[in-house]
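**Student:** coords please:
(one chain, ligands or ions: 1)
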Amino acid sequence: MATRQDYIQKLRQFPAELEARVTPLTDEQLNQREAEGEWSTRQIVHHLADSHMSANFRFRLPLTAAAPKLPVYDQAAWAELPDYRLPLESSLTILRGLHVRFGALLESLSEEQWQRSGIHPEWGEVTVEEVARRYADHCDNHMNQINRIGVKYGW
Ligand code: NI
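**Tutor:** Numbers count the residues shown, from 1 in each chain. Sure thing, here's the model as predicted:
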């Protein structure tokens, strides 16, 4: 059973792990995908930056407002926006800074703050702790997805 400290550690380490995994890849490799209709590694990295910017709201709104509605967006549609074809550096930079902020914020929380909650249209009422768990898992899930693409294409 993962603990709050596990989530914090995962979130702190992830940008460097991701960067180490994707930086050696060529442009062609970054555009490879597991299957037709799945995201490429390039889209996954840009998705991670956008997703974790929304995580920022999902951490901070519950800490600063009573039962706030948490923002949602159409991630599949976002992944087709033209800036998802950019080199990775812009999104790696976002993740690097954002996750330092997550680590500092979560490390500082009191018991009461971990249990504050917001309302997500699909997840229902979620605590700050649950948001941390979800985004620690999100890091793992997309790293596994990138690794599966690597296995398929031999990198
Ligand atoms: Ni995702």
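**Student:** what residues are up against residue 15?
**Tutor:** 92, 95-96, 99 (CB atoms under 8 Å, 6 or more residues apart in numbering). Backbone N, C-alpha and C define where each C-beta goes, glycine included.
**Student:** just the residues you listed now: which is nearest residue 63?
**Tutor:** residue 99 (17.2 Å; CB to CB).
**Student:** per-residue pLDDT, the closest one?
**Tutor:** Note for residue 99: predicted pLDDT of 98.
**Student:** and for the one 5 residues further on?
**Tutor:** Residue 104 carries a pLDDT value of 98.
**Student:** now do residue 2
**Tutor:** For residue 2, the predicted pLDDT is 86.
**Student:** dump the residue contacts of it.
**Tutor:** So residue 2 contacts 133, 136 (CB under 8 Å, 6+ apart).
**Student:** and the buried ones among the contacts of residue 15, selectable in ChimeraX?
**Tutor:** The following ChimeraX line selects those of the contacts of residue 15 that are buried, judged by 16 or more other CB atoms under 10 Å:
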select :92,95,99
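**Student:** for residue 135, state which of the contacts of residue 15 is nearest.
**Tutor:** Taking CB to CB as the measure, residue 135 sits nearest to residue 99 out of the contacts of residue 15, at 9.5 Å.
**Student:** residues touching that closest one, list them.
**Tutor:** 11-12, 14-15, 52.
**Student:** ok so it is a helix residue?
**Tutor:** Yes. Membership of residue 99 in a helix is supported by DSSP: H, G, I helix; E, B strand; the rest coil.
**Student:** fine by me, we can end here.
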